[in-house]
Structure formats: C-alpha cells, structure tokens
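>>> dropping a prediction and its sequence here:
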Amino acid sequence: MTGKKRSLKAYRSRRNFMHTSEPKGRAKKKPSKRPIFVIQKHKSRSLHYDFRIEIDGVLVSWAVPKGPSINTRIKRLAVQTEDHPKEYARFEGIIPEGEYGAGTVLVWDIGTYKNIKKKNDKIVPIKQCLKNGQIEIFLRGKKLCGGYALIKIGAKDQWLLIKMRDEYADARRNPVSSEPKSVLTGRSLAHIKQDAKKKVTRKKIKK
Ligand code: MN
C-alpha cells in the first residue's frame with residue numbers, strides 16, 4: 001500500500017454502497033494546503049480507533065486498537081489498512097450487519113496536520129515519509145495537539161504510533177478514556193447507534 005499512486009480500489013471493492021451509507025468518494029489529485037487528519041472510534045468486532053491522514057487526496061489509514069496516547073513513553077500498535085476517501089472524515093453512523101466493518105463509527109477527533117519530518121534541515125515530502133515508514137506530523141485537532149510519529153516496524157503493515165516530546169505531551173491525561181464522545185455531534189457510540197435505529201424505524205413506517 002505504499003505504491004506511487006494512491007487508489008480507492010481496495011476501499012470500494014470491500015463495500016456494497018447499496019447497503020452501507022459510507023461515502024463512495026473520489027480520489028482527488030490536488031494536494032491540500034492544509035491536509036486533514038481524523039480519528040474515528042469504531043466499534044466493530046472489536047473496539048479500535050482508525051487514524052487517518054490526508055496524503056495525495058485520500059486518507060491513508062491505520063487501525064489503532066488502543067487509540068492514541070499523549071504519553072511519550074507509550075507506543076501504540078497501528079496496523080495500516082486500505083486508503084479511504086477524503087469524504088470519509090466526516091462519516092459518523094452505523095455500518096449495517098453483514099457489511100465490511102459492521103458496527104458504529106464516531107468522529108473522535110478531527111483537524112489539520114503539518115508534516116514536520118526533516119532530514120538535513122529539509123522537510124521530507126510526506127509521500128516519501130510514508131514510503132520510508134517514518135512519519136512525523138504536528139496535529140491540530142480538538143482533542144489532540146502536537147507532534148506524533150508513525151514508525152513502521154518490520155514486515156507487513158505494522159506501525160507504531162508515538163507521541164513526540166513537546167509541550168503537548170502529558171503523562172497524566174488519557175483523552176481516549178476521559179473524552180470518549182464525538183467532536184462533531186457530542187454523541188457517544190451508544191447514542192449514535194440509537195439514533196440510527198430510530199431512522200430505520202421511521203423509514204419502515206413511511207412505507
Ligand atoms: Mn475501523
């Protein structure tokens with residue numbers, strides 16, 4: 001998944017857009033001036049956090065089982081998954097049973113990021129960082145802020161997500177547990193699930 005051209009083929013082939021309300025999306029070529037990041041809390045077979053950063057118009061993605069930490073001494077496993085469309089960043093709701101990733105999705109944090117990876121005092125292009133398996137980005141989100149490193153470890157799609165040392169690091173706080181709700185709607189996972197069920201019921205009554 002570190003080839004030259006980013007593609008949504010894998011993303012689309014796993015989903016039936018007749019059944020799921022996830023966006024089909026389109027791959028945009030123009031790089032953004034202010035690329036975005038999003039962290040989606042996703043309760044499927046198991047609870048995890050999908051960490052996504054915009055590269056080349058798509059969201060390059062990792063599943064982080066324990067979610068991000070702001071303690072610099074904690075390394076979190078991050079498994080790279082398929083690229084998602086940029087439109088996915090604001091997706092919150094349920095993925096129906098039987099579909100890929102079936103469960104509930106909540107936008108846990110969203111914002112912009114800046115590539116801060118340097119070599120010989122020069123910024124290394126983010127695509128190159130991805131290829132090298134060494135990403136360093138500065139996040140400006142609602143819950144998370146500051147530098148984070150994503151480091152590829154060995155074979156397969158395994159990476160580590162680590163908070164870098166800066167003024168935003170804090171070993172005493174754990175936003176994953178203290179700030180569990182959506183930054184878009186203030187809802188919990190249970191609340192989102194409940195709302196989605198109501199919608200379905202309403203639809204049925206209309207018929
Ligand atoms: Mn997921």
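Structure received. Here the structure is a predicted model, which is why all the values come from computation and not from measurement.

>>> from now on I want contacts and neighbour counts done on CA atoms only, so please keep to that.
Will do.

>>> can you list the strands that the longest strand seen in the chain pairs with?
Scanning the chain for the longest strand, with DSSP state E as the assignment, gives strand 103-115. If you go by DSSP bridges, strand 103-115 pairs up with strand 36-43 (antiparallel), strand 93-95 (antiparallel), strand 134-140 (antiparallel).

>>> who touches stretch 92-101?
The contact list for stretch 92-101 (Cα atoms under 8 Å, 6 or more residues apart in numbering) reads 14-16, 19-22, 44-45, 102-107, 192-193, 196.

>>> before we move on, what about stretch 10-19?
With Cα under 8 Å, 6+ apart, stretch 10-19 has contacts from 23, 24, 82, 83, 84, 96, 99, 100.

>>> quote the end-to-end distance of it.
17 Å (Cα to Cα, to the nearest Å).

>>> can you check stretch 121-134 too?
16 Å.

>>> kindly report the same for stretch 149-162.
With Cα to Cα, one end of stretch 149-162 sits 5 Å from the other.

>>> and it, what's buried?
149, 150, 151, 152, 158, 159, 160, 161, 162 (16 or more other Cα atoms under 10 Å).

>>> wait, the third one touches residue 163, no?
No - under the contact definition of Cα atoms under 8 Å, residue 151 does not touch residue 163, with a separation of 11.2 Å.

>>> measure residue 60 to residue 191 for me?
28 Å.

>>> who's more crowded, the two?
residue 60 (24 against 14; other Cα atoms under 10 Å).

>>> residue ranges in the protein under the pLDDT threshold?
1-4, 27-29, 203-207 (pLDDT under 70).

>>> can you redo the buried residues of stretch 149-162 as JSON lines with distance to residue 113 and secondary structure?
Formatted as JSON lines, these follow (distance: Cα to Cα, whole Å; DSSP: H, G, I helix; E, B strand; the rest coil):
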{"residue": "149", "distance to residue 113": "12", "secondary structure": "strand"}
{"residue": "150", "distance to residue 113": "13", "secondary structure": "strand"}
{"residue": "151", "distance to residue 113": "17", "secondary structure": "strand"}
{"residue": "152", "distance to residue 113": "19", "secondary structure": "strand"}
{"residue": "158", "distance to residue 113": "22", "secondary structure": "strand"}
{"residue": "159", "distance to residue 113": "19", "secondary structure": "strand"}
{"residue": "160", "distance to residue 113": "18", "secondary structure": "strand"}
{"residue": "161", "distance to residue 113": "15", "secondary structure": "strand"}
{"residue": "162", "distance to residue 113": "15", "secondary structure": "strand"}
